[in-house]
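*Asks:* Need coordinates for the following:
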Amino acid sequence: MSNVEAKPAEVRCGAAVDGARDADGPRVEVLTSREVPLGGPRAMTVQRTLPQRGRSLIGAWCFADHYGPDDVSGTGGMDVAPHPHTGLQTVSWLFSGEIEHRDSLGSHAFVRPGELNLMTSGYGIAHSEVSTSRTTVLHGVQLWVALPEQHRNTDRDFQHYVPDPVRHPGAEVRVFLGALAGAHSPVRTFTPLLGAEILLAPHATLALDVDPAYEHGLLVDSGSLLISETPLKPAELGYTHPGIDTLTLTNAADEPTRAILLGGTPFDEEIVMWWNFIGRSHEDIVRARADWAAGTRFGEVHGYEGDRLPAPELPSVALRPRGRAR
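*Replies:* Numbering: from 1, shown residues only. Model prediction:
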């Protein structure tokens, strides 16, 4: 998905700070989202949880948009014209609806509920995303993963994976990246990562063994739950520092709840994010924008009817670093 804000902020993101546990259990930071319109008079509105001033990264996860349930008869659905990416992987995961994906690698695929589409930009890729005519309600998450310096100019790639559900009493887990609850995803990432959808029945509790080297973020989609006794509402994300080996999730309500669990080892590099680009310096961003404007580097997306997205104007001020919460 493109970040189609008219004036996207330029963000410098730093490494995580360790610090895991209070005397009575894991310390959970609750991150709230902000509304971002995706452009146009009938724009979809997404809830953006990452990045934000308080915490810009969870492992290598650097961007998290949560959208829907969105009645496309009122909003027109999703129609994101060809746009570029550098230095990242895009992770598309739907709860309902269907999105058609085309990219400059030549991939033509569909994003459907319970199916992972992961695109690696490397040095540069372009793609489009359009909800199909079969979609009535569009609902899902769009996530970005920062590529480490060693691999940020890697080859373009596209992967599709359908994880089998892992069932526990009162719970169902679909692991689309990494390993959790006895399931392992074969999808390649460039840093240790975890991504999973979790469904909890009313009044169910699920204890998950997790890697203590990871930091984690639990993004609530629907319903409400407790993560280590800390309550979370829809569109809130509960963050836990490294050092935790068990996450306990409880649905105390009378309705089912759904959440996305993200995790990874702390990303120990600084990155600069602006619009759809990730680099290591302001100059990286300027170069990527110029290449997109010139029609070089990113390739062409075939099959999309319409013009590609123009890049916004760069900010006139110098890069200002943003610190991490401690």
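
*Asks:* which regions of the stretch 101-250 of the chain sit below the pLDDT cut-off?
*Replies:* Residues of the stretch 101-250 of the chain meeting the criterion pLDDT under 70: none.

*Asks:* can you tell me how far residue 206 sits from residue 95?
*Replies:* Separation of residue 206 from residue 95 (CB to CB, to the nearest Å) stands at 19 Å. Using the backbone N, CA and C atoms, a C-beta is placed for each residue, glycine as well.

*Asks:* Ok, residue 127 next?
*Replies:* 21 Å.

*Asks:* Residue 308 too?
*Replies:* Residue 308 is 28 Å from residue 95, by CB to CB.

*Asks:* which of the two has more neighbours?
*Replies:* A direct count of neighbours by other CB atoms under 10 Å for residue 308 and residue 95 places residue 95 higher, at 20 against 17.

*Asks:* Report the buried residues of the one helix or strand the more buried one maps to.
*Replies:* Assigned by DSSP states H and E, residue 95 falls within strand 88-96. By neighbour count on 16 or more other CB atoms under 10 Å, the buried set for strand 88-96 is 88, 89, 90, 91, 92, 93, 94, 95.

*Asks:* Following the chain past it, name the next helix or strand.
*Replies:* Criterion used, DSSP H and E; the element after strand 88-96 is strand 99-103.

*Asks:* For that following strand, name the packing helices and strands.
*Replies:* When contacts are defined as 3 or more CB pairs under 8 Å, 6 or more residues apart in numbering; DSSP states H and E, strand 99-103 sits against strand 108-111, strand 116-120, strand 125-131.

*Asks:* so where does the nearest residue to residue 307 once chain neighbours are set aside fall, helix or strand?
*Replies:* Leaving aside its sequence neighbours, residue 307 sits nearest to residue 81 (CB to CB, 6 or more residues apart in numbering; 6.3 Å). Using DSSP H and E, residue 81 sits within strand 79-85.

*Asks:* Tell me the buried residues in that strand?
*Replies:* The neighbour-count check on strand 79-85 (16+ other CB under 10 Å) flags 79, 80, 81, 82, 83, 84, 85 as buried.

*Asks:* List the beta-bridge partners for the fifth one.
*Replies:* Judged by DSSP bridges, the bridge partners of residue 83 are residue 127.

*Asks:* The first one too?
*Replies:* According to DSSP bridges, the residues that bridge with residue 79 are residue 130.

*Asks:* thinking again about what came up before, kindly indicate which of the buried residues of strand 88-96 lies nearest residue 189.
*Replies:* residue 89 (7.0 Å; CB to CB).

*Asks:* check contacts around that closest one.
*Replies:* 118, 119, 120, 121, 144, 145, 147, 189, 190 (CB atoms under 8 Å, 6 or more residues apart in numbering).

*Asks:* Quick check: nearest residue in space to the residue most central in space within the chain, chain neighbours excluded?
*Replies:* The structure's the chain has its C-alpha centroid closest to residue 143; by CA atoms, centre = their mean the separation is 1.4 Å. Nearest in space to residue 143, with sequence neighbours left out and distances taken as CB to CB, 6+ apart, is residue 91 at 4.1 Å.

*Asks:* Show the contacting residues for the one you found.
*Replies:* 116, 117, 118, 142, 143, 144, 145, 176, 177, 195.

*Asks:* roughly how far apart are the first one and residue 201?
*Replies:* The gap separating residue 116 from residue 201 is 24 Å, by CB to CB.

*Asks:* Give the residue from these two that has the larger number of neighbours.
*Replies:* residue 116 (22 against 15).

*Asks:* So in terms of bridging, what pairs with that one?
*Replies:* residue 161.

*Asks:* Thought residue 162 was touching it, still the case?
*Replies:* Yes - counting by CB atoms under 8 Å, residue 116 touches residue 162, with 7.4 Å between them.

*Asks:* need the contact list for residue 186.
*Replies:* Contacts of residue 186 by CB under 8 Å, 6+ apart are residue 161.

*Asks:* oh, and call the first residue 41 from now on, that's how I've got it
*Replies:* Happy to do that; since the first residue is 41 now, the last one works out to residue 226.

*Asks:* For it, grab phi and psi.
*Replies:* According to degrees, to the nearest 10, the main-chain angles of residue 226 amount to phi -90, psi 0.

*Asks:* what's the answer for the one 3 residues further on, then?
*Replies:* The phi and psi values for residue 229, taken as degrees, to the nearest 10, are phi -130, psi 170.

*Asks:* how near is it to residue 129?
*Replies:* 7 Å.

*Asks:* same question, residue 151
*Replies:* 15 Å.

*Asks:* what residues are up against the closest residue to residue 305 other than its chain neighbours?
*Replies:* Excluding its sequence neighbours, the residue lying closest to residue 305 (CB to CB, 6+ apart) is residue 232, at 4.8 Å. Contact analysis of residue 232 by CB under 8 Å, 6+ apart lists 99, 218, 251, 253, 254, 304, 305.
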